[in-house]
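Asks: Predicted model, plus sequence, below.
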Amino acid sequence: MRFEGTDTFVATDDLKVAVNAAVALQRPLLIKGEPGTGKTVLAQEIATALGKPLISWHVKSTTKAQQGLYEYDAVSRLRDSQLGDARVHDIANYIIRGKLWDAFDAENAPVLLIDEIDKADIEFPNDLLLELDRMEFFVYETRQTIKAKQRPIIIITSNNEKELPDAFLRRCFFHYIKFPDRETMQRIVDVHYPGISNLLLREALTSFFELREVPGLKKRPSTSEFLDWLKLLLAEEIGPELLRERNTAKLIPPLHGALLKNEQDVHLFERLAFLNRRGTS
Amino acid sequence: MFLAFFLALRAAGVKVSLREFLTLQEAMQAGLADYDVDHFYYLARATWVKDERFLDKFDRVFAESFKGILQPQPVAPDGVPVQEIPEEWLRKLVEKNLTPEEKAEIEAMGGFEKLMETLRQRLAEQKGRHQGGNKWIGTAGTSPFGAYGYNPEGVRIGQESGRNRSAVKVWDQRSFKNLAGDVELGTRNMKVALRRLRRFAREGAADELDLSGTITSTARNAGYLDLKMVPERHNAVKILLLLDIGGSMDDHIALSEQLFTAAGSEFKHLKHLYFHNCPYEMLWKDARMRGQDAVATSDVLNTYDHTWKLVFVGDAAMSPYEIMQPGGGISSWNAESGQTWLTRIIAAYPKAVWLNPVGEQHWNYTQSTRMIRALMEERMYGLTLEGLDAAMRRLMH
């Protein structure tokens, strides 16, 4: 059972090694990286490649670790007791299973994605330490222990909003998805738009990487934005000549709205273009 | 062997635990490294490095530890690589990268043969790696040869991707260099730093009624009221920011101002004022420091009480007289010395730090920096991720 990338996802060698290590040793894999480099998509692709179901748990600022295990719905029980419902005598009726329970209970070990773990409270990862390590937890209300039938493959993503505790990190493998270089980017485009004109792609890549290098950008465009931009270029039938022309005359690439998501960045470019025109005239 | 590498990493400040060491052994036993040095490098990195700030350190230690074992490509005595560049290879390269129209264009410019001839000559003439310029083959130049250049008619000499890289190269590239914690703040790094501020902004305790918690616990309590209180999440931190402006600070001020203006949304109370080199009896509301924007320092001290946290941003580089002597200030006459004013300000704000955008290694060479550092009781931090982190901890502490 090895992960080698898929038809729709280009995995670099170091990513493959990290994923395979996590799968083989059954430890969680922590993924970090710039936004838009495919952190979340990775879990879906691993699930597809290994033929496993995917369970995603999207973490928000209000998410508690307990919600991943189970919740006790005390309010419905209170209401049922007021109404004299017979269900009220069995507490198990009010235990709501969380994503982790689902993952532990599955027959075919699934891929469990814990997305954006850093969004949650600072104690969140600590609260999951034992559960992720031993892959079991105890339900107090019903006095039963839930044990993973097969250890799921756990992928955790983080955007660096909070630091994760050391004890948690020690139990994970870690991979930082760095921004793809030109070569990798070309492969990524080939996967998404096979048959794109070679010339257009080359010019687009040049424009894109130049744009990323401009100092002072608030938000540098990412892979997914580049793909959107390419799609637009194709839809608008903008040729490579137009892209190349801007190298000398104008600085803002056509349809820049897909790449620059911030009005300050657009202003920055307009200013640069203005200076450039003054410099050449 | 591995043990030496492990110890070297720990010595370099990468926190690798025994548990992770054993995990790597386990992974090796499971045959995950394929007896391939690249894979071993990736595996060790995924197992031992848990923070992208340490990736660069890891690369350096890895290169150092395995230097003797992994030989680079053979090189002839005069320094030119042994391998010749065959004509076919060049041709293939061109066919891969150029379209028929472009080839026609080159034909018009003097022909493909001529271009290739020049390329071969250049490759033979050139000895080392090269960047910029308009003749040599390298990166980012305007010569027709090389990578990432601006000459659209150029020939791109691509790096072979993936597997055929020479062994040492992957980690010697040090591609994670700008993620290291001690480099100065870039746009990306700044975002991370801001999040550190946010963490410290979320703390601060007050009690309020937790409505949903009360309902839940009342239900749990079979309907008897059970009140729950939670700490208030609002942000109680107040920041008074004093920015050094003008002169040597011009290079840094945009950065520091940006940093804290962006933090403005996090802090309900963020007040920033300007000074030149050293604070005296006047501070300014505006960076242009005009008369009508001036406020008396004593008014500031009275307006903002000791619950405000004080952050100086400045390079602390000036003539020692500007600190020690009355009248030493360069922008106006000051009746009392900078030292007196600084001591007064610091006494008014027990929680104060000084952020210095100049690299920490240079501090000791400037007398005024040493003096201010002493006045600040060593609470001077570099304007880097690590420095900022330490400074924020100090403020909250």
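Replies: Received it, and whenever you're ready, just let me know what you need. Residues are numbered from 1 along each chain as shown, chains lettered A, B, ... in the order given.
Asks: ok so B:Leu240 is a helix residue?
Replies: No: inclusion of B:Leu240 in a helix is not indicated when DSSP: H, G, I helix; E, B strand; the rest coil is applied; the result is strand.
Asks: is chain B contacted by stretch A:21-39?
Replies: Yes: for a cut-off given as Cβ under 8 Å from any Cβ of the partner chain, stretch A:21-39 has contacts with chain B, namely A:21-22, A:24-25, A:27, A:29-30, A:32, A:34. Where C-beta positions appear, they are placed from N, C-alpha and C, glycine not excepted.
Asks: Got a ChimeraX select line for the buried ones in those residues?
Replies: Command for ChimeraX that selects the buried part of those, burial taken from 16 or more other Cβ atoms under 10 Å in any protein chain shown:
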select /A:21,22,25,27,29,30,32,34
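Asks: continuing past the strand or helix carrying B:Trp341, what's the next helix or strand?
Replies: In this structure, B:Trp341 sits in helix B:338-348 according to DSSP states H and E. Following helix B:338-348 in sequence order, the next helix or strand is strand B:352-356 (DSSP H and E).
Asks: Specify the angle between the helix or strand just after that following strand and strand B:352-356 in degrees.
Replies: The helix or strand immediately downstream of strand B:352-356 is helix B:367-375, counting by DSSP H and E. For the pair helix B:367-375 and strand B:352-356, the angle between their directions (axes from the mean of the first three to the mean of the last three Cα atoms, to 10 degrees) equals 160 degrees.
Asks: what comes up buried for helix B:367-375?
Replies: By 16+ other Cβ under 10 Å, the buried positions in helix B:367-375 come out as B:368-369, B:371-373, B:375.
Asks: what's the closest non-adjacent residue to the residue in the stretch 101-250 of chain A positioned nearest to chain B?
Replies: Here the residue of the stretch 101-250 of chain A nearest chain B is A:Leu169; by Cβ to the nearest Cβ that distance is 3.9 Å. Distance criterion Cβ to Cβ, 6 or more residues apart in numbering or on different chains; nearest residue to A:Leu169, sequence neighbours excluded, is B:Lys50 at 3.9 Å.
Asks: and the one you found, how far is that from B:His269?
Replies: Distance, B:Lys50 to B:His269, using Cβ to Cβ, to the nearest Å: 36 Å.
Asks: So for those two, which sits in the more crowded spot?
Replies: A count of neighbours by other Cβ atoms under 10 Å in any protein chain shown puts B:Lys50 above the other of B:Lys50 and B:His269, at 25 against 15.
Asks: That one reaches A:Phe174, doesn't it?
Replies: Yes: counting by Cβ atoms under 8 Å, a contact exists between B:Lys50 and A:Phe174, whose distance comes to 4.6 Å.
Asks: Name the residues contacting each of those two.
Replies: Shared contacts of B:Lys50 and A:Phe174, defined by Cβ atoms under 8 Å, 6 or more residues apart in numbering or on different chains, are found at A:Leu30.
Asks: Show me which of the residues of stretch A:21-39 next to chain B has the smallest pLDDT value.
Replies: Model confidence across the residues of stretch A:21-39 next to chain B bottoms out at A:Glu34, which has 80.
Asks: hang on, isn't B:Val14 packed against B:Phe54?
Replies: Yes: contact status for B:Val14 versus B:Phe54: in contact at 4.7 Å, counting by Cβ under 8 Å.
Asks: For A:Tyr72, report the pLDDT, please.
Replies: As predicted, A:Tyr72 sits at a pLDDT of 88.
Asks: who are the neighbours in contact with it?
Replies: Taking Cβ under 8 Å, 6+ apart, we find A:Tyr72 in contact with A:91, A:94-96, A:141, B:220.
Asks: follow-up on the earlier one: pretty sure the residue nearest to A:Leu169 sits in a helix.
Replies: No: remark: B:Lys50 does not belong to a helix; assigned using three-state DSSP, it is coil.
Asks: do you know how far it is from B:Arg19?
Replies: Distance, B:Lys50 to B:Arg19, using Cβ to Cβ: 12 Å.
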